[in-house]
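J.: below is the structure, and that's it, no one-letter string:
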C-alpha cells in the first residue's frame, strides 16, 4: 500500500484511444471517441478499468527509477488480453464494425507493489 492506503498493483498500465461513431461522418474515429486507462494486475490476473483503482499504482515522482523487468513475451500476452477485453466490452457496447480497433497511446510496466 502507498502512503494514502491505496493498494499498489504489479502489472502493466495502458492508455488506449477508443474510437466512437462520428455521426457527421457516419464512421468510427478516434476524434469522436475517448481515452481510457486499463491496468492488468498480474497478481490477480484481472483487468482494472476504474481510475480510482489504478491511480495509486501509476503515481510516481520524477526521481522514481524506471526499469523493465517483465520479459517481452509476457508483455505481448498481457497486451493481447487487454485488447481482447476492450473488444469484448467497449467495442461490442458501441457496436463497432469489424476492423475498428483501439489505439495504444502509452504503457508502463509496474514492477513494485
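T.: In hand now; what should we look at? Please read these numbers as outputs of a predicted model, since none were measured by experiment.
J.: what's next to the longest helix that the chain contains, contact-wise?
T.: What stands out as the longest helix in the chain, according to DSSP state H, is helix 72-86. Outside of helix 72-86, the residues within contact range by Cβ atoms under 8 Å, 6 or more residues apart in numbering are 11-12, 14, 16, 18, 38, 40, 42, 47, 101-102, 104, 107, 109. Every C-beta, even on glycine, is put in place using the N, C-alpha and C of the backbone.
J.: the same query, at a cut-off of 6 Å, please.
T.: 12, 14, 38, 40, 47, 102 (Cβ atoms under 6 Å, 6 or more residues apart in numbering).
J.: make a markdown table out of the residues you listed and add pLDDT, secondary structure and distance to residue 23.
T.: Shown next, in a markdown table, are the contacts of helix 72-86 (pLDDT from 0 to 100; DSSP: H, G, I helix; E, B strand; the rest coil; distance: Cβ to Cβ, whole Å):
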| residue | pLDDT | secondary structure | distance to residue 23 |
| --- | --- | --- | --- |
| 12 | 95 | strand | 34 |
| 14 | 97 | strand | 28 |
| 38 | 97 | strand | 26 |
| 40 | 96 | strand | 33 |
| 47 | 97 | strand | 30 |
| 102 | 97 | coil | 20 |
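J.: helices or strands up against the lowest-mean-pLDDT helix or strand in the chain?
T.: Within the chain, no helix or strand scores below helix 51-58, which has a mean of 88 by mean pLDDT, DSSP states H and E. With contacts defined as 3 or more Cβ pairs under 6 Å, 6 or more residues apart in numbering; DSSP states H and E, the packing partners of helix 51-58 are strand 27-41.
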